[in-house]
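Asker: predicted structure and sequence below. I'll ask about it afterward.
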2 protein chains.
Amino acid sequence: MSTIKEVAKRAGVSVGTVSKVINNIAVKPKTKQAVELAIKELNYEPNIYARGLKVNRTHTVALIIPTVWNPFYGELAFHIERYLREKQYKMILCNSEGDYVTELAYFTMAKQNQVDGIITVTYSDIESYISNSIPLISIDRFFNDNIPYVSSDNFSGGALAAKHLDDVGCQSVCFIGHGSKKDNATRNRRKGFVDYCERHQKSYLIFDDQGHHETFQRNLELFLKKEVIETSTIDGIFAVTDDYAFQVIDYVTKNGKRIPEDVQIIGFDGIKSSATDEIKITTICQPIEEIAKMSVNGVIALINKREVSHEVLLPVQLFQGKTTKG
Amino acid sequence: MSTIKEVAKRAGVSVGTVSKVINNIAVKPKTKQAVELAIKELNYEPNIYARGLKVNRTHTVALIIPTVWNPFYGELAFHIERYLREKQYKMILCNSEGDYVTELAYFTMAKQNQVDGIITVTYSDIESYISNSIPLISIDRFFNDNIPYVSSDNFSGGALAAKHLDDVGCQSVCFIGHGSKKDNATRNRRKGFVDYCERHQKSYLIFDDQGHHETFQRNLELFLKKEVIETSTIDGIFAVTDDYAFQVIDYVTKNGKRIPEDVQIIGFDGIKSSATDEIKITTICQPIEEIAKMSVNGVIALINKREVSHEVLLPVQLFQGKTTKG
């Protein structure tokens, strides 16, 4: 079997350059072509275990998310896998579907050294299963001071949403959320929203129903019927996620209200269904790629027994779409 | 550490039932609660290696797709991971981003027994790297008679799209595709469409530009301007994927055409951005969950040295949306 040196020689580049191409680090297109051609001609098989792999390491990290079939988690999983791959880690994907027994199996794998670390978005009560020996990064959810977490600055995001509705002339605003005791992200968006309204004497309403899907749906529509359709009490809505914003938009437009003329709506997340898609509404954008990058850096630091900061809060920003008056 | 027997005893169920819960196989909600409570109280850690794992097996399968940040691949990856998990396999996700060197690294892993098998959606020239020793299932792409593949019946789907446009009264139809020499799926959709038109003496046009993103975009708009906006030559469009259908819808509506009154449009895929999302257009639906299931069954059969059928073609079906006259 041919060696990386032979590939470098044939391609007329350095071994380092070949390594870059193999590890998808950017080089000149021409150089990449030459290296890929040499790899093909020599039928060279890069041995990923020759890339600085340590003993007793699998060089795999498990990503546990509720489901990858979702624009937000899809984008997150895409970036996390890409950053892990850049560092020669493989990513095992687990769609927990919110089932903590499924998540538990992966924590067990980590304890048994079948994966080196875990990045997780979970709302289950898994604290009792987590030992400090597991390199683990939590996204969006604060567990305890022993578990580092990476999150958007949800409080500032909620305040920014309230400020924007204020700036575009809304008189009476409301927060719409699907209440969860465990979801720090949701709670902090609500807190930031309320904080802004309180400090600026804006009148506001809170709809934060904790019911299951159908119940929530029904209660939300009753709320919108009363406050938006029949009485026009509310002229500005902050939905805690883009998904809920789409539900609100769907219901109020079907019931004869114009957006943004009659009611202005802002979401949270900035989801795009693919890299080439566009953001469809006014929303608070999470820095999803940055969240991925910081989570990967964090888990690899933990795997290598390095210190990581307990909390990483990343800045959000407003995206002005057509659902508010720009 | 407690055993599965102790969990079963405490929960008042059989060991088999506990195993079902651990492996996410459906049991009565009450039973599941009891078992999960017992697992928690006894702090039981299921050892996945106690689940019939064979020697020299990693019980991991690599899924190689262009990108998981896409509704179609997101849904596919979700179902594949779920079916693999049901069979106690872990899924390593690789976003190849169309780069064959990235894909190559995973074939090498398979040869080095770091993964047991591979499921791949690729359009790269990887045949030279594939040895028959690798348990590999190809989705959508035919390589050679040694590599089993699973695909929707794209030919019938293309014919079904043409028939639907015919049924809803279109006089002159066209196929819109982003030509690829390597993409069997695309080619067969076009072939099926043309076959129907030929057999039924329907006049049709073909736009199958092979240019890169910007070039394709520009040529597509020139084509639509000439044939749909200015001359109304075409009153029925079959776009080779839902994504292209959305592009067409966006362009023609911005240019004053009404859908479906002036021009009727049908896509292909039946994409939904999440499990709770709805299909937005008239389209030919791929049985994505079935493709996932057959791919998982196929790769596990190959891993266990069992025979698998070389070609699995799965039936598609029409979804009637608002972009054609139902």
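Answerer: In hand now; what should we look at? Residues are numbered from 1 along each chain as shown, chains lettered A, B, ... in the order given.
Asker: next SSE after the one helix or strand A:Gly16 maps to?
Answerer: Secondary structure from DSSP states H and E places A:Gly16 in helix A:15-22. Helices and strands here follow DSSP H and E; after helix A:15-22, the next one along the chain is helix A:29-41.
Asker: give the pairing partners of the helix or strand following that next one; include direction for each.
Answerer: Using DSSP H and E, the helix or strand that follows helix A:29-41 towards the C-terminus is strand A:60-65. In the sheet, strand A:60-65 lines up against strand A:90-95 (parallel), strand A:117-120 (parallel) (DSSP bridges).
Asker: avg pLDDT for strand A:60-65?
Answerer: Average pLDDT, strand A:60-65: 95.
Asker: what does stretch A:279-286 give?
Answerer: 97.
Asker: got the contact list for it?
Answerer: A:72, A:152, A:157-158, A:160-161, A:164, A:242, A:245-246, A:249, A:264-272, A:314, A:316-324, A:326 (CB atoms under 8 Å, 6 or more residues apart in numbering or on different chains). Where you see a C-beta, it was placed from the backbone N, CA and C, and this is true even at glycine.
Asker: any stretches of the stretch 151-300 of chain A with poor pLDDT?
Answerer: Nowhere does the stretch 151-300 of chain A drop to pLDDT under 70.
Asker: okay, now A:Glu45: neighbour count?
Answerer: By other CB atoms under 10 Å in any protein chain shown, 16 other residues sit near A:Glu45.
Asker: correct me if wrong: it contacts B:Met109.
Answerer: No - applying CB atoms under 8 Å as the test, A:Glu45 and B:Met109 come out as separate, 10.0 Å apart.
Asker: what do these two both touch?
Answerer: Shared contacts of A:Glu45 and B:Met109, defined by CB under 8 Å, 6+ apart, are absent.
Asker: whichever of the contacts of stretch A:279-286 end up buried, select them in PyMOL.
Answerer: If you want just the buried ones from the contacts of stretch A:279-286 in PyMOL, going by 16 or more other CB atoms under 10 Å in any protein chain shown, the selection is:
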select buried, chain A and resi 72+152+157+158+160+161+164+242+245+246+249+264+265+266+267+268+269+270+271+272+316+318+319+321+323+324
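Asker: from the contacts of stretch A:279-286, which ones fall inside helices?
Answerer: A:Phe72, A:Gly157, A:Gly158, A:Leu160, A:Ala161, A:His164, A:Asp242, A:Ala245, A:Phe246, A:Ile249 (DSSP state H).
Asker: dump those to a markdown table, plus distance to chain B.
Answerer: A markdown table is the format used below for those (distance: CB to the nearest CB, whole Å):
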| residue | distance to chain B |
| --- | --- |
| A:Phe72 | 9 |
| A:Gly157 | 22 |
| A:Gly158 | 23 |
| A:Leu160 | 25 |
| A:Ala161 | 22 |
| A:His164 | 25 |
| A:Asp242 | 11 |
| A:Ala245 | 14 |
| A:Phe246 | 9 |
| A:Ile249 | 14 |
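Asker: can you tell me which of those residues is nearest B:Lys32?
Answerer: Nearest to B:Lys32 among the ones in helices among the contacts of stretch A:279-286 is A:Phe72, at 27.9 Å by CB to CB.
Asker: spatially nearest residue to the closest one, not counting backbone neighbours?
Answerer: Closest residue to A:Phe72 apart from its sequence neighbours, by CB to CB, 6 or more residues apart in numbering or on different chains: A:Ile271 at 5.1 Å.
Asker: and the one you found, its phi and psi?
Answerer: Main-chain torsions, A:Ile271, degrees, to the nearest 10: phi -80, psi 140.
Asker: which stretches of the stretch 1-150 of chain A have low pLDDT?
Answerer: Applying pLDDT under 70 to the stretch 1-150 of chain A flags residues A:1, A:24, A:46-56.
Asker: contacting residues for A:Asp195?
Answerer: A:Phe155, A:Gly158, A:Ala159.
Asker: wait, the second one sits on A:Tyr204?
Answerer: So that's A:Gly158. No - in this structure, A:Gly158 is not within contact of A:Tyr204 by CB under 8 Å, at 11.3 Å.
Asker: so for the two, which residues contact both of them?
Answerer: Residues touching both A:Gly158 and A:Tyr204 (CB under 8 Å, 6+ apart) are A:Phe175, A:Phe193, A:Val194.
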